[in-house]
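I would like the atomic coordinates for the input below:
(one chain, ligands or ions: 1)
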Amino acid sequence: MYERLDELRARTELRLSDAQLQDRSGFAALVERETRTFEHARERARLGAVEEGLCFGRIDLVHDDGPEARYIGRIGLRDADYETILVDWRAPAARPFYAATPGDPNGVTRRRHLRVRRRRVTGLDDEVFDLDGLGDADRRQLVGEAALLAALGGGRTGRMGDIVATIQTEQDRVIRARLDGVLVVQGGPGTGKTVAALHRAAYLLYTHRDVLERRGVLVVGPNPAFLRYIGDVLPSLGETDAVLRTVGDLFPGVSATRHDPYRVAALKGDTRVTALVRAAVRDRQRTPREAFGSDDLLVEADAGVLTVPGEACERIVRTARGLRLGHNVARKYAVNALLAELARAEAALLGRALPEEDVRYVGERLWAEDPVRDALDALWPLLSPRRLLRELFADAEALARVGGQAGYSPAEAALLHRPADGGAADWTVEDVPLLDEAAELLGRDDSGRRARERRAAAERAEEERYAQGVLEFTGLFEDGMMSAADLAERHRDRGPGLTTAERAGGDREWTYGHVIVDEAQELSPMAWRTVMRRVPTRSLTVVGDLAQTGSAAGAASWTGVLEPYAPGKVHVERLRVNYRTPAPIMAVAADVLRAAAPDEEPLESVREDGAPPRAVPLPAGLAGLAGLVAAERAEIGEGKVAVITADARIGAVRAALPGAAGARDLEHDVVALTATESKGLEFDAVVVVDPDALLAAPRGANDLYVALTRATRRLAVAHTGPLPPVLSRLAS
Ligand SMILES: Nc1ncnc2c1ncn2[C@@H]1O[C@H](COP(=O)(O)OP(=O)(O)OP(=O)(O)O)[C@@H](O)[C@H]1O
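Presented below is the predicted three-dimensional model:
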């Protein structure tokens, strides 16, 4: 297989250099060269990514016409005679490797896991499915237990790795689920939700390449550190068409990482805020009375003071609003109509006749005068989403007025007040969905572009055919959400030479072929609106754990959140086995889970071994912490230690551990994190500091649960005060 891989690599190199050397001139030749170069470079990257663990498994099957040995690997390979020598793990033929269980062997008589290092087989584990010889008690459901335990036992590196060789049956079901509809993967900590979702992305890109390659897959994660943590998985599976983003950077040009305080976040996360944004836009469409406190519009133009009667202005504002277009699009009408009135006023002032056909021309001339422009901008300004919200939040009076119109109490509206520093750092993660909402309401005056697009009708017809295909393929016909024509328009290619991920990342209106949302319990209803706009076909994988919800406006029920967007298309799968945390640590976490979410079933841990978790009193305060962390580090040898505490204590903990890194540097040996920052991550040893401070926060039991379940080997709970009763198991 490696020989064949080397041949393919050499061939790809050759094709790549041929493509680059091709020197025919002309536009078509240029495009062809770019396309070929791109394709071959991609193939080179794909072949380059599979060196380690090219082939990791084999299944023996019995057919009517004899036995078959099938090899499973990171990619599919055929020999020179076109015979399959290696089956891609994502192909249907590989499925029995993951799906065979003693109870349901799928025709497999033996499954073999191969361990290969530097092109040499260094070990193998066999499972023989001798159906007659098995009692129920032996029918453990783990696939390739020895290989799995070996993979789980290795020290952590600060980066997540792929698991193609040891995917478990329940995870395989998630990975290979259908593309259409909303698949929710609910599972406790360490059940492999994240890793399974990423393998699902790779599976979908492989199986539905025609649809997904062009539109790309969006992966939404909770914070930048998490995205870095998972960032290697898809490239190691040979995939480059995925875009990784936090909610804070879904709006191009803004990259928010800071969160609002709890109560503000709750307000901004609730869909009531859409009424506020709507009212804020409307508030900027003013009559002269609202803008200047005078009945009529008075403008000091070059010719003298021009007067437009208040009624005429009100009629124009009313009509422009009635157009039901975006604010910036309707502005064109409002400004033109007001200019026409001003042109007539000027003619009247100068005692001249103004033929109707000259009105437009005179209006354009007036538009060049600053006082005219200023006056019209005060009535109906051109607004960007950022300007709208920045000015709203900075203006306490406007907030109270607009808030009142949207049904907010004065106290609620006042919570949103924020002085404008003008810097980009002002934006919080919770502002991003509001910016997106504002962008939808404001719209863009893109009539020029539209006219050009109309001329490109032939091209568009092709796009529409494709879009129709997408809608049909994903089982979502024109149901009023979005027509094929709309979809096609949003999908217009933005020129050659960029990867799908690059094109998608900078375009707010880009719609993806599939969206994966991780730690999805943290998303507010407003964040969901923002995500859903990016996937009108509603093809999503939603991954999370309701028991780990920590954010102010996070989810309480999956169907409650998702059904309104995809009625009848939400399907929930549960993962029940914990691969990360050893059983003794999970027992401690289970006590906390009972307090946080009494209805959740505790998980079964794959790993029963491990050092007993312990409570360590720190009578002299955090001064004792450095010694404890050093001891934990010595215990784990190669590996990572995380010190996790409440927001309120993180400053003190960092001061006590000057050598520890933060969330930006997960590859460091010791990191100090808040519970929120630790979401989705894992470490060989975890030291939870001052659990009572964690419990004191809103949704504090969830935070403590998250912190305890980050450990893969060792757990210590250090406390400067008394140990909370929920952790009494540690005291015994
Ligand atoms: N089939 C598997 N083979 C090998 N390792 C696995 C497998 N499934 C999960 N793991 C490992 O278990 C750990 C936990 O996985 P992951 O982070 O995806 O869990 P999670 O459900 O997202 O957890 P959390 O809810 O706490 O974020 C990871 O190290 C992952 O690589």
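
Most remote residue from the middle of this structure, which is it?
Gly351 (63.1 Å; Cα atoms, centre = their mean).

what's the helix or strand for Glu608?
Using DSSP states H and E, Glu608 falls within no helix or strand.

Run a quick neighbour tally on it.
Glu608: 10 surrounding residues under other Cβ atoms under 10 Å. All C-beta spots, glycine's among them, are computed from the backbone N, C-alpha and C.

With adjacent residues omitted, what lies nearest to it?
Nearest residue to Glu608 in three dimensions, chain neighbours excluded: Ala583, at 4.8 Å (Cβ to Cβ, 6 or more residues apart in numbering).

before we move on, what about His259?
Nearest non-adjacent residue to His259 (Cβ to Cβ, 6+ apart): Val429, at 5.4 Å.

Give me the three-state assignment for that neighbour.
Under DSSP: H, G, I helix; E, B strand; the rest coil, Val429 falls in the coil class.

was I right about it contacting Ala256?
Yes - at 4.8 Å, Val429 counts as touching Ala256 under the criterion of Cβ atoms under 8 Å.

Count the residues that sit near Ala611.
If we define neighbours as other Cβ under 10 Å, then Ala611 has 17 of them.

same thing with Arg387?
Arg387 has 14 neighbouring residues, counting by other Cβ under 10 Å.

Quickly list what's touching both of Val429 and Ala256.
Gly248 (Cβ atoms under 8 Å, 6 or more residues apart in numbering).

quick one, what contacts Val128?
Val128 is in contact with 109-110, counting by Cβ under 8 Å, 6+ apart.

where does it land on pLDDT?
pLDDT recorded at Val128 is 86.

Likewise for Ile72?
On the pLDDT scale, Ile72 is placed at 96.

Relative to the ligand, how far out is Thr37?
According to Cβ to the nearest ligand atom, to the nearest Å, Thr37 and the ligand sit 35 Å apart.

what pLDDT, on average, does stretch 660-674 get?
In the prediction, stretch 660-674 has an average pLDDT of 92.

before we move on, back to that, roughly how far apart are the residue nearest to His259 and Ala634?
The gap separating Val429 from Ala634 is 38 Å, by Cβ to Cβ, to the nearest Å.

What of Ala301?
When Cβ to Cβ is applied, the distance between Ala301 and Ala634 equals 81 Å.

residue contacts, the one residue in the stretch 351-500 of the chain that gets nearest to the ligand?
Nearest residue of the stretch 351-500 of the chain to the ligand (Cβ to the nearest ligand atom) works out as Val429 at 18.6 Å. By Cβ under 8 Å, 6+ apart, the contact set of Val429 is 246-248, 256-260.

Give the buried subset of those as a ChimeraX selection command.
The buried subset of the contacts of Val429, as determined by 16 or more other Cβ atoms under 10 Å, is captured in ChimeraX by this line:
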select :246,247,248,256,259,260
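
Closest to the ligand out of the contacts of Val429?
Taking Cβ to the nearest ligand atom as the measure, Thr246 is the one of the contacts of Val429 closest to the ligand, at 15.0 Å.

Who does that closest one form a beta bridge with?
Gly221 (DSSP bridges).

contacting residues for it?
For Thr246, the contacting residues are 220-224, 226-227, 257, 429, by Cβ under 8 Å, 6+ apart.

wait, does the host helix or strand of Arg58 contact the ligand?
For Arg58, the element it lies in under DSSP H and E is strand 55-63. No - remark: strand 55-63 sits outside contact range of the ligand, by Cβ under 6 Å from any ligand atom, the gap being at least 11.5 Å.

where does the closest residue to Pro582 other than its chain neighbours land in three-state SS?
Excluding the flanking residues, the one nearest Pro582 by Cβ to Cβ, 6+ apart is Gly610, at 3.2 Å. Secondary structure, three-state DSSP: Gly610 is coil.

ok, Gly610 touching Arg713?
Yes - in this structure, Gly610 is within contact of Arg713 by Cβ under 8 Å, at 6.0 Å.

Need the residues touching each of the two.
Pro582.

more neighbours, the two?
Counted by other Cβ under 10 Å, Gly610 and Arg713 do not tie: Arg713 has more neighbours, with 24 against 18.

Which per-residue confidence value corresponds to that one?
For Arg713, pLDDT reads 93.

Kindly report the same for Ala731.
pLDDT recorded at Ala731 is 82.

Please report how far it lies from the ligand.
26 Å.

Please tell me how far that residue sits from Ile175.
For Ala731, the distance to Ile175 equals 42 Å [Cβ to Cβ].

Settle it for me: which of these two has more neighbours?
Between Ala731 and Ile175, counting by other Cβ under 10 Å, Ile175 is the more crowded of the two (22 against 12).

thinking again about what came up before, alpha carbons of the strand holding Arg58, as PDB, please.
What follows is strand 55-63, C-alpha atoms only, in PDB (Å, rounded to 0.1, in the frame of the first residue of the first chain):
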ATOM      1  CA  CYS A  55      -4.000   1.300   6.900                       C
ATOM      2  CA  PHE A  56      -5.200   0.600  10.400                       C
ATOM      3  CA  GLY A  57      -7.700  -2.200  10.200                       C
ATOM      4  CA  ARG A  58      -8.800  -5.400   8.400                       C
ATOM      5  CA  ILE A  59     -12.000  -7.300   8.500                       C
ATOM      6  CA  ASP A  60     -12.500 -10.900   7.400                       C
ATOM      7  CA  LEU A  61     -15.800 -11.600   5.900                       C
ATOM      8  CA  VAL A  62     -17.400 -14.800   4.600                       C
ATOM      9  CA  HIS A  63     -19.400 -14.700   1.400                       C
END
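
partners of that strand, with directions?
Paired strands of strand 55-63, defined by DSSP bridges, are strand 66-73 (antiparallel), strand 108-117 (antiparallel).

next structured bit after the lowest-mean-pLDDT helix or strand in the chain?
Comparing helices and strands within the chain by mean pLDDT, DSSP states H and E singles out helix 484-490 as the least confident, with a mean of 53. Downstream of helix 484-490, the first helix or strand assigned by DSSP H and E is helix 500-505.

contacting residues around that next one?
213-216, 218, 240-243, 245, 252, 493-494, 510, 512.

which helices and strands does the next helix or strand after it pack with?
Moving toward the C-terminus from helix 500-505, the next helix or strand (DSSP H and E) is strand 514-517. Secondary-structure packing of strand 514-517 (3 or more Cβ pairs under 8 Å, 6 or more residues apart in numbering; DSSP states H and E): helix 193-207, strand 217-221, strand 540-544.

Export strand 514-517 to PDB, keeping only CA atoms.
Taking C-alpha atoms only, strand 514-517 is exported to PDB below (Å, rounded to 0.1, in the frame of the first residue of the first chain):
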ATOM      1  CA  HIS A 514     -23.800  21.800   6.300                       C
ATOM      2  CA  VAL A 515     -23.200  23.400   9.700                       C
ATOM      3  CA  ILE A 516     -21.900  21.600  12.800                       C
ATOM      4  CA  VAL A 517     -22.400  23.400  16.100                       C
END
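
List the neighbouring strands of it plus their orientation.
According to DSSP bridges, strand 514-517 forms sheet pairs with strand 217-221 (parallel), strand 540-544 (parallel).

now the last one: mean pLDDT?
In this model, strand 540-544 has a mean pLDDT of 95.

Give me every residue in the chain lying close to the ligand.
Counting by Cβ under 6 Å from any ligand atom, the residues of the chain close to the ligand are 148, 151-152, 160, 163, 166-168, 171, 187, 189-195, 545, 579-580, 680, 682, 709.

And these, which of them are buried?
148, 152, 160, 163, 166-168, 171, 187, 189-195, 545, 579-580, 680, 682, 709.

Just those residues: which are in strands?
Gly187 (DSSP state E).

Which ones among the buried ones among the residues of the chain next to the ligand map onto helices?
Under the assignment DSSP state H, these contribute 148, 152, 171, 193-195 to helices.
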